[in-house]
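Q: Have a look at this fold, sequence not included:
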(Lines give C-alpha, C1' and ligand atoms only; values in the text may rest on other atoms or scores of the structure.)
Protein backbone atom coordinates (compact mmCIF):
# COMPACT_ATOMS: atom_id res chain seq x y z
CA UNK A 1 0.00 0.00 0.00
CA UNK A 2 1.44 3.36 -0.98
CA UNK A 3 1.71 6.20 1.54
CA UNK A 4 -1.13 8.69 1.06
CA UNK A 5 0.61 12.05 0.78
CA UNK A 6 -0.50 15.28 -0.82
CA UNK A 7 1.56 16.05 -3.91
CA UNK A 8 3.88 19.00 -3.76
CA UNK A 9 3.54 21.97 -6.09
CA UNK A 10 7.21 22.90 -5.53
CA UNK A 11 8.75 23.87 -8.86
CA UNK A 12 12.27 23.06 -7.57
CA UNK A 13 11.85 19.44 -8.41
CA UNK A 14 14.86 17.28 -7.70
CA UNK A 15 15.96 14.25 -9.66
CA UNK A 16 17.00 11.60 -7.17
CA UNK A 17 18.55 8.18 -7.65
CA UNK A 18 18.13 5.56 -4.93
CA UNK A 19 20.62 2.70 -5.05
CA UNK A 20 20.04 -0.56 -3.20
CA UNK A 21 21.75 -3.88 -3.82
CA UNK A 22 19.31 -5.81 -1.65
CA UNK A 23 15.65 -5.43 -2.63
CA UNK A 24 14.67 -8.96 -1.66
CA UNK A 25 14.65 -8.97 2.17
CA UNK A 26 12.26 -7.15 4.41
CA UNK A 27 13.67 -4.16 6.31
CA UNK A 28 15.98 -2.40 3.85
CA UNK A 29 13.82 -3.08 0.80
CA UNK A 30 10.67 -1.83 2.49
CA UNK A 31 12.45 1.33 3.58
CA UNK A 32 13.66 1.99 0.02
CA UNK A 33 10.25 1.44 -1.58
CA UNK A 34 8.39 3.56 0.98
CA UNK A 35 10.97 6.34 0.70
CA UNK A 36 10.70 6.32 -3.10
CA UNK A 37 6.89 6.37 -2.98
CA UNK A 38 6.89 9.25 -0.48
CA UNK A 39 9.43 11.33 -2.41
CA UNK A 40 7.48 10.77 -5.60
CA UNK A 41 4.25 11.81 -3.89
CA UNK A 42 5.97 15.07 -2.90
CA UNK A 43 6.72 15.79 -6.56
CA UNK A 44 10.32 14.63 -6.81
CA UNK A 45 11.60 12.52 -9.71
CA UNK A 46 12.90 9.22 -8.32
CA UNK A 47 14.56 6.26 -10.04
CA UNK A 48 15.70 3.14 -8.17
CA UNK A 49 18.76 1.23 -9.39
CA UNK A 50 19.54 -2.30 -8.30
CA UNK A 51 21.43 -5.37 -9.54
CA UNK A 52 18.48 -7.68 -8.91
CA UNK A 53 14.71 -7.25 -8.78
CA UNK A 54 12.24 -9.79 -10.10
CA UNK A 55 9.08 -7.97 -9.07
CA UNK A 56 7.80 -10.77 -6.85
CA UNK A 57 9.04 -9.20 -3.60
CA UNK A 58 6.82 -6.45 -2.20
CA UNK A 59 4.80 -5.93 -5.40
CA UNK A 60 2.37 -3.55 -3.69
CA UNK A 61 5.15 -1.35 -2.32
CA UNK A 62 7.00 -1.31 -5.66
CA UNK A 63 3.89 -0.57 -7.73
CA UNK A 64 4.33 2.46 -9.98
CA UNK A 65 8.00 2.99 -9.15
CA UNK A 66 10.67 3.32 -11.84
CA UNK A 67 13.18 0.55 -11.14
CA UNK A 68 16.17 -0.05 -13.39
CA UNK A 69 18.05 -3.32 -13.07
CA UNK A 70 21.62 -4.10 -14.08
CA UNK A 71 21.35 -7.33 -16.02
CA UNK A 72 23.97 -9.12 -13.99
CA UNK A 73 23.88 -12.23 -11.84
CA UNK A 74 25.04 -11.44 -8.31
CA UNK A 75 26.33 -13.80 -5.65
CA UNK A 76 27.59 -11.51 -2.91
CA UNK A 77 24.49 -12.00 -0.74
CA UNK A 78 24.56 -15.78 -0.96
CA UNK A 79 25.87 -17.38 2.22
CA UNK A 80 26.83 -20.83 0.96
CA UNK A 81 29.15 -22.20 3.61
CA UNK A 82 32.83 -22.34 2.56
CA UNK A 83 34.40 -25.79 2.35
CA UNK A 84 37.59 -24.69 4.10
CA UNK A 85 39.61 -21.63 5.02
CA UNK A 86 41.01 -21.25 1.50
CA UNK A 87 37.51 -21.38 0.02
CA UNK A 88 36.45 -18.72 2.55
CA UNK A 89 39.30 -16.42 1.43
CA UNK A 90 38.45 -16.97 -2.24
CA UNK A 91 34.76 -16.21 -1.65
CA UNK A 92 35.62 -12.93 0.11
CA UNK A 93 37.90 -11.85 -2.75
CA UNK A 94 35.29 -12.85 -5.32
CA UNK A 95 32.50 -11.01 -3.50
CA UNK A 96 34.54 -7.82 -3.22
CA UNK A 97 35.23 -7.93 -6.95
CA UNK A 98 31.51 -8.45 -7.60
CA UNK A 99 30.61 -5.47 -5.42
CA UNK A 100 33.00 -3.23 -7.33
CA UNK A 101 31.96 -4.48 -10.77
CA UNK A 102 28.29 -4.08 -9.88
CA UNK A 103 28.87 -0.58 -8.53
CA UNK A 104 30.59 0.46 -11.75
CA UNK A 105 27.86 -1.10 -13.88
CA UNK A 106 25.11 0.74 -12.02
CA UNK A 107 26.97 4.06 -12.22
CA UNK A 108 27.33 3.57 -15.99
CA UNK A 109 23.62 2.79 -16.32
CA UNK A 110 22.52 5.84 -14.35
CA UNK A 111 21.38 9.05 -16.04
CA UNK A 112 24.02 11.77 -15.95
CA UNK A 113 21.78 14.52 -14.54
CA UNK A 114 20.82 13.42 -11.03
CA UNK A 115 20.84 16.16 -8.40
CA UNK A 116 21.28 13.66 -5.58
CA UNK A 117 22.11 9.99 -5.17
CA UNK A 118 20.95 8.08 -2.08
CA UNK A 119 23.08 4.95 -1.70
CA UNK A 120 21.89 2.32 0.77
CA UNK A 121 24.13 0.10 2.88
CA UNK A 122 26.58 -1.93 0.74
CA UNK A 123 25.93 0.13 -2.41
CA UNK A 124 28.06 3.06 -1.16
CA UNK A 125 30.73 2.48 -3.82
CA UNK A 126 28.27 3.55 -6.52
CA UNK A 127 28.55 7.13 -5.24
CA UNK A 128 32.27 7.21 -6.01
CA UNK A 129 31.86 5.92 -9.56
CA UNK A 130 28.85 8.16 -10.25
CA UNK A 131 30.73 11.29 -9.17
CA UNK A 132 33.17 10.63 -11.99
CA UNK A 133 30.23 11.04 -14.34
CA UNK A 134 28.54 13.89 -12.49
CA UNK A 135 30.80 15.69 -9.96
CA UNK A 136 27.95 18.03 -8.96
CA UNK A 137 25.69 15.25 -7.67
CA UNK A 138 25.34 15.05 -3.91
CA UNK A 139 25.81 11.60 -2.40
CA UNK A 140 23.94 10.64 0.77
CA UNK A 141 24.59 7.22 2.32
CA UNK A 142 21.75 5.55 4.26
CA UNK A 143 23.32 3.08 6.68
CA UNK A 144 21.00 0.55 8.33
CA UNK A 145 23.74 -1.84 9.46
CA UNK A 146 27.39 -1.39 10.45
CA UNK A 147 29.28 -1.76 7.14
CA UNK A 148 32.71 -2.87 8.37
CA UNK A 149 31.84 -5.13 11.27
CA UNK A 150 32.93 -8.75 11.57
CA UNK A 151 30.72 -11.00 13.68
CA UNK A 152 32.64 -13.76 15.40
CA UNK A 153 32.02 -17.34 14.26
CA UNK A 154 33.80 -18.83 17.32
CA UNK A 155 36.48 -20.34 15.08
CA UNK A 156 39.96 -19.02 15.86
CA UNK A 157 41.53 -18.94 12.39
CA UNK A 158 38.31 -17.84 10.69
CA UNK A 159 37.85 -15.04 13.22
CA UNK A 160 41.44 -13.80 12.90
CA UNK A 161 41.11 -13.66 9.12
CA UNK A 162 37.63 -12.15 9.41
CA UNK A 163 38.78 -9.25 11.59
CA UNK A 164 41.76 -8.66 9.29
CA UNK A 165 39.46 -8.72 6.26
CA UNK A 166 37.08 -6.12 7.71
CA UNK A 167 40.01 -3.93 8.79
CA UNK A 168 41.48 -4.00 5.28
CA UNK A 169 38.05 -3.45 3.75
CA UNK A 170 37.60 -0.32 5.83
CA UNK A 171 41.03 1.00 4.84
CA UNK A 172 40.52 0.33 1.13
CA UNK A 173 37.04 1.90 1.26
CA UNK A 174 38.33 5.36 2.18
CA UNK A 175 38.45 6.50 -1.44
CA UNK A 176 34.78 5.49 -1.80
CA UNK A 177 33.79 7.15 1.49
CA UNK A 178 35.50 10.40 0.48
CA UNK A 179 32.92 10.76 -2.31
CA UNK A 180 30.04 10.75 0.19
CA UNK A 181 28.64 14.13 1.24
CA UNK A 182 26.66 12.89 4.22
CA UNK A 183 25.26 9.84 5.96
CA UNK A 184 21.92 8.95 7.50
CA UNK A 185 21.42 6.55 10.39
CA UNK A 186 18.33 5.48 12.32
CA UNK A 187 19.60 6.06 15.86
CA UNK A 188 22.12 8.10 17.81
CA UNK A 189 24.05 4.98 18.78
CA UNK A 190 24.76 4.32 15.12
CA UNK A 191 26.95 7.43 14.92
CA UNK A 192 29.72 5.38 16.52
CA UNK A 193 30.20 3.57 13.21
CA UNK A 194 31.64 6.71 11.63
CA UNK A 195 34.39 7.46 14.11
CA UNK A 196 37.68 7.42 12.25
CA UNK A 197 35.97 7.64 8.85
CA UNK A 198 36.18 10.63 6.48
CA UNK A 199 32.41 11.17 6.81
CA UNK A 200 31.62 13.92 9.32
CA UNK A 201 28.12 14.92 8.29
CA UNK A 202 26.02 12.18 9.96
CA UNK A 203 22.31 12.74 10.63
CA UNK A 204 19.77 10.71 12.57
CA UNK A 205 16.47 10.24 10.75
CA UNK A 206 13.96 7.82 12.26
CA UNK A 207 12.32 5.41 9.82
CA UNK A 208 8.69 5.84 8.89
CA UNK A 209 5.72 3.54 9.24
CA UNK A 210 2.50 2.91 7.34
CA UNK A 211 0.45 3.21 10.52
CA UNK A 212 -2.97 2.81 8.89
CA UNK A 213 -1.92 -0.39 7.18
CA UNK A 214 -1.00 -2.09 10.45
CA UNK A 215 -3.35 -0.38 12.88
CA UNK A 216 -5.71 -2.38 15.06
CA UNK A 217 -7.24 -1.34 18.39
CA UNK A 218 -5.44 -2.58 21.47
CA UNK A 219 -7.23 -5.81 22.28
CA UNK A 220 -9.11 -6.51 25.49
CA UNK A 221 -6.70 -9.07 26.92
CA UNK A 222 -8.65 -9.82 30.10
CA UNK A 223 -10.44 -12.97 28.90
CA UNK A 224 -7.23 -14.51 27.55
CA UNK A 225 -5.41 -13.48 30.72
CA UNK A 226 -8.05 -15.19 32.85
CA UNK A 227 -7.38 -18.40 30.89
CA UNK A 228 -3.60 -17.79 31.10
CA UNK A 229 -3.42 -17.98 27.32
CA UNK A 230 -0.95 -16.00 25.20
CA UNK A 231 0.38 -16.20 21.65
CA UNK A 232 3.83 -14.74 21.03
CA UNK A 233 5.19 -13.60 17.68
CA UNK A 234 8.72 -13.03 16.35
CA UNK A 235 9.76 -11.98 12.86
CA UNK A 236 12.95 -11.46 10.85
CA UNK A 237 15.34 -13.06 8.38
CA UNK A 238 16.96 -16.17 9.84
CA UNK A 239 20.41 -15.74 11.38
CA UNK A 240 21.98 -16.71 14.68
CA UNK A 241 21.85 -13.17 16.06
CA UNK A 242 18.06 -13.14 15.95
CA UNK A 243 18.11 -15.31 19.07
CA UNK A 244 14.92 -17.18 18.21
CA UNK A 245 16.00 -19.81 20.72
CA UNK A 246 15.26 -17.26 23.45
CA UNK A 247 11.64 -17.05 22.28
CA UNK A 248 11.37 -20.84 22.22
CA UNK A 249 12.83 -21.13 25.71
CA UNK A 250 10.49 -18.39 26.97
CA UNK A 251 7.56 -20.53 25.82
CA UNK A 252 9.10 -23.46 27.71
CA UNK A 253 9.35 -21.40 30.93
CA UNK A 254 5.78 -20.16 30.64
CA UNK A 255 4.39 -23.63 30.11
CA UNK A 256 6.37 -24.90 33.11
CA UNK A 257 4.70 -22.11 35.09
CA UNK A 258 1.28 -23.39 33.92
CA UNK A 259 0.61 -20.67 31.35
CA UNK A 260 -0.90 -21.74 28.03
CA UNK A 261 1.79 -20.09 25.90
CA UNK A 262 2.52 -20.62 22.23
CA UNK A 263 4.57 -18.83 19.60
CA UNK A 264 4.79 -18.39 15.86
CA UNK A 265 8.21 -17.40 14.48
CA UNK A 266 8.53 -16.10 10.92
CA UNK A 267 12.18 -16.56 10.00
CA UNK A 268 12.77 -16.51 6.26
CA UNK A 269 15.91 -18.52 5.53
CA UNK A 270 17.20 -16.18 2.83
CA UNK A 271 20.86 -16.57 3.86
CA UNK A 272 20.94 -20.39 3.78
CA UNK A 273 21.37 -20.65 7.55
CA UNK A 274 20.53 -24.33 7.46
CA UNK A 275 22.47 -25.33 10.58
CA UNK A 276 20.73 -22.68 12.69
CA UNK A 277 17.40 -23.78 11.26
CA UNK A 278 18.14 -27.39 12.24
CA UNK A 279 19.28 -26.30 15.72
CA UNK A 280 16.01 -24.46 16.34
CA UNK A 281 13.92 -27.42 15.25
CA UNK A 282 15.98 -29.70 17.49
CA UNK A 283 15.47 -27.34 20.44
CA UNK A 284 11.72 -27.50 19.89
CA UNK A 285 11.82 -31.31 19.75
CA UNK A 286 14.02 -31.62 22.84
CA UNK A 287 11.51 -29.62 24.86
CA UNK A 288 8.39 -31.28 23.40
CA UNK A 289 7.14 -27.96 22.07
CA UNK A 290 6.13 -29.11 18.59
CA UNK A 291 2.47 -28.28 19.31
CA UNK A 292 3.27 -24.89 20.79
CA UNK A 293 6.03 -23.35 18.63
CA UNK A 294 5.48 -22.91 14.91
CA UNK A 295 8.49 -22.08 12.73
CA UNK A 296 7.90 -20.64 9.25
CA UNK A 297 11.21 -20.53 7.41
CA UNK A 298 9.57 -19.34 4.21
CA UNK A 299 8.84 -16.03 5.89
CA UNK A 300 5.64 -14.08 5.39
CA UNK A 301 4.19 -12.03 2.55
CA UNK A 302 3.52 -8.33 2.90
CA UNK A 303 -0.22 -8.92 2.44
CA UNK A 304 -0.34 -11.39 5.34
CA UNK A 305 1.71 -9.35 7.76
CA UNK A 306 -0.88 -6.99 9.26
CA UNK A 307 -3.27 -9.85 9.96
CA UNK A 308 -0.55 -11.94 11.58
CA UNK A 309 0.37 -9.15 13.97
CA UNK A 310 -3.28 -8.82 14.93
CA UNK A 311 -3.62 -12.58 15.43
CA UNK A 312 -0.85 -12.49 18.06
CA UNK A 313 -0.83 -11.06 21.58
CA UNK A 314 2.78 -9.99 22.27
CA UNK A 315 5.69 -9.30 19.91
CA UNK A 316 9.20 -10.43 20.87
CA UNK A 317 12.42 -8.95 19.49
CA UNK A 318 15.29 -10.80 21.20
CA UNK A 319 17.95 -9.88 18.63
CA UNK A 320 21.41 -9.37 20.09
CA UNK A 321 24.76 -8.70 18.42
CA UNK A 322 27.64 -8.76 20.94
CA UNK A 323 29.81 -5.65 21.34
CA UNK A 324 31.28 -3.85 19.52
CA UNK A 325 28.26 -4.51 17.31
CA UNK A 326 24.64 -4.04 18.27
CA UNK A 327 21.22 -4.65 16.86
CA UNK A 328 19.67 -1.87 14.84
CA UNK A 329 16.29 -0.24 14.70
CA UNK A 330 13.84 -3.00 13.82
CA UNK A 331 10.91 -1.62 11.82
CA UNK A 332 8.90 -4.68 12.88
CA UNK A 333 8.86 -3.42 16.47
CA UNK A 334 6.84 -0.37 15.49
CA UNK A 335 4.59 -2.24 13.08
CA UNK A 336 3.66 -4.55 15.94
CA UNK A 337 2.99 -1.54 18.15
CA UNK A 338 0.74 -0.06 15.47
CA UNK A 339 -1.16 -3.36 15.49
CA UNK A 340 -1.86 -2.89 19.19
CA UNK A 341 0.71 -5.35 20.58
CA UNK A 342 2.99 -4.72 23.54
CA UNK A 343 6.59 -5.33 22.47
CA UNK A 344 9.33 -7.05 24.47
CA UNK A 345 12.79 -6.25 23.08
CA UNK A 346 16.44 -6.55 23.97
CA UNK A 347 17.63 -3.38 25.70
CA UNK A 348 20.68 -3.35 23.38
CA UNK A 349 18.39 -2.46 20.47
CA UNK A 350 18.69 1.12 19.23
CA UNK A 351 14.87 1.26 19.11
CA UNK A 352 15.06 1.73 22.89
CA UNK A 353 16.18 5.32 22.22
CA UNK A 354 12.56 6.32 21.56
CA UNK A 355 10.88 3.90 23.98
CA UNK A 356 10.57 3.76 27.77
CA UNK A 357 10.88 0.50 29.66
CA UNK A 358 7.59 -0.44 31.29
CA UNK A 359 5.79 2.46 29.63
CA UNK A 360 5.86 2.05 25.83
CA UNK A 361 7.65 -1.34 25.70
CA UNK A 362 9.31 -3.92 27.91
CA UNK A 363 13.10 -4.20 27.89
CA UNK A 364 15.04 -7.36 28.71
CA UNK A 365 18.73 -8.06 29.06
CA UNK A 366 20.52 -9.79 26.17
CA UNK A 367 20.41 -13.59 26.09
CA UNK A 368 17.69 -13.71 28.77
CA UNK A 369 14.78 -15.98 27.79
CA UNK A 370 13.65 -16.17 31.41
CA UNK A 371 13.29 -12.38 31.52
CA UNK A 372 11.19 -12.55 28.35
CA UNK A 373 8.95 -15.13 30.03
CA UNK A 374 8.68 -12.96 33.15
CA UNK A 375 7.56 -9.94 31.11
CA UNK A 376 4.95 -12.08 29.34
CA UNK A 377 3.81 -13.38 32.72
CA UNK A 378 3.49 -9.79 33.95
CA UNK A 379 1.19 -9.01 31.01
CA UNK A 380 -0.98 -12.05 31.70
CA UNK A 381 -1.17 -11.47 35.45
CA UNK A 382 -1.90 -7.76 34.95
CA UNK A 383 -3.95 -7.18 31.78
CA UNK A 384 -4.24 -3.51 32.75
CA UNK A 385 -0.45 -3.18 32.35
CA UNK A 386 -0.70 -5.05 29.02
CA UNK A 387 -3.25 -2.49 27.79
CA UNK A 388 -1.34 0.59 29.04
CA UNK A 389 1.98 -0.43 27.49
CA UNK A 390 0.31 -1.47 24.22
CA UNK A 391 -1.52 1.87 23.97
CA UNK A 392 1.60 3.90 24.79
CA UNK A 393 3.64 1.98 22.21
CA UNK A 394 0.91 2.53 19.64
CA UNK A 395 1.07 6.28 20.27
CA UNK A 396 4.83 6.20 19.56
CA UNK A 397 4.25 4.27 16.34
CA UNK A 398 1.56 6.71 15.19
CA UNK A 399 4.05 9.59 15.35
CA UNK A 400 6.34 7.85 12.84
CA UNK A 401 5.34 8.37 9.20
CA UNK A 402 6.99 7.85 5.83
CA UNK A 403 6.02 11.40 4.92
CA UNK A 404 8.03 12.75 7.86
CA UNK A 405 10.96 10.44 7.06
CA UNK A 406 11.06 11.37 3.37
CA UNK A 407 10.81 15.11 4.10
CA UNK A 408 13.77 14.93 6.45
CA UNK A 409 15.76 12.94 3.87
CA UNK A 410 14.82 15.50 1.21
CA UNK A 411 16.10 18.33 3.38
CA UNK A 412 19.42 16.52 3.77
CA UNK A 413 19.65 15.92 0.02
CA UNK A 414 19.09 19.60 -0.66
CA UNK A 415 21.52 20.77 2.00
CA UNK A 416 24.31 18.32 1.20
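A: In hand now; what should we look at? Because the structure is a prediction, the values reported are computed rather than measured.

Q: And the helices in the stretch 51-200 of the chain?
A: Secondary structure of the stretch 51-200 of the chain (DSSP state H, counting those that start in this stretch): helices located at 59-62, 85-109, 125-133, 156-172, 174-177.

Q: whoops, the stretch 201-350 of the chain was the one
A: Applying DSSP H, counting those that start in this stretch to the stretch 201-350 of the chain gives helices spanning 211-214, 222-226, 244-256, 274-286, 302-311, 331-338.

Q: Out of the ones you listed, which is closest to residue 47?
A: Comparing the helices of the stretch 201-350 of the chain against residue 47 with C-beta to C-beta, the closest turns out to be helix 302-311 (22.3 Å). (C-beta placed from N, C-alpha, C; glycine too.)

Q: so what secondary structure elements neighbour that closest one?
A: Applying 3 or more C-beta pairs under 8 Å, 6 or more residues apart in numbering; DSSP states H and E, we find helix 302-311 packed against helix 59-62, helix 211-214, strand 229-235, helix 331-338.

Q: In a markdown table, list the ones you listed along with mean pLDDT and mean neighbour count.
A: Shown next, in a markdown table, are those (pLDDT from 0 to 100; neighbours: other C-beta atoms under 10 Å):
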| stretch | mean pLDDT | mean neighbour count |
| --- | --- | --- |
| helix 59-62 | 88 | 16 |
| helix 211-214 | 95 | 18 |
| strand 229-235 | 98 | 22 |
| helix 331-338 | 96 | 27 |
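
Q: could you dump those to JSON lines with distance to residue 273?
A: What follows is the helices and strands packed on helix 302-311, written out as JSON lines (distance: least, C-beta to C-beta, whole Å):
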{"stretch": "helix 59-62", "distance to residue 273": "25"}
{"stretch": "helix 211-214", "distance to residue 273": "27"}
{"stretch": "strand 229-235", "distance to residue 273": "15"}
{"stretch": "helix 331-338", "distance to residue 273": "18"}
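
Q: that older thread, quick one: closest of the helices of the stretch 201-350 of the chain to residue 155.
A: Closest to residue 155 of these is helix 274-286 (C-beta to C-beta; 13.1 Å).

Q: still on that earlier bit, what's the most buried one of the helices of the stretch 201-350 of the chain?
A: helix 331-338 (a mean of 27; mean count of other C-beta atoms under 10 Å).

Q: returning to that earlier point: residue 191: which of the helices and strands packed on helix 302-311 is closest?
A: Among the helices and strands packed on helix 302-311, the nearest to residue 191 by C-beta to C-beta is helix 331-338 (19.6 Å).

Q: from the helices of the stretch 51-200 of the chain, which stretch is densest packed?
A: helix 125-133 (a mean of 21).

Q: Output the contacting helices and strands for the helix-or-strand element of the chain with minimal mean pLDDT.
A: Within the chain, judged by mean pLDDT, DSSP states H and E, the helix or strand with the poorest mean is helix 156-172; its value is a mean of 73. Judged by 3+ C-beta pairs under 8 Å, 6+ apart, helix 156-172 is in contact with helix 85-109.

Q: What distance do you get for residue 214 to residue 331?
A: As for residue 214, its distance to residue 331 is 10 Å (criterion: C-beta to C-beta, to the nearest Å).

Q: can you check residue 130 too?
A: Per C-beta to C-beta, residue 130 is found 28 Å from residue 331.
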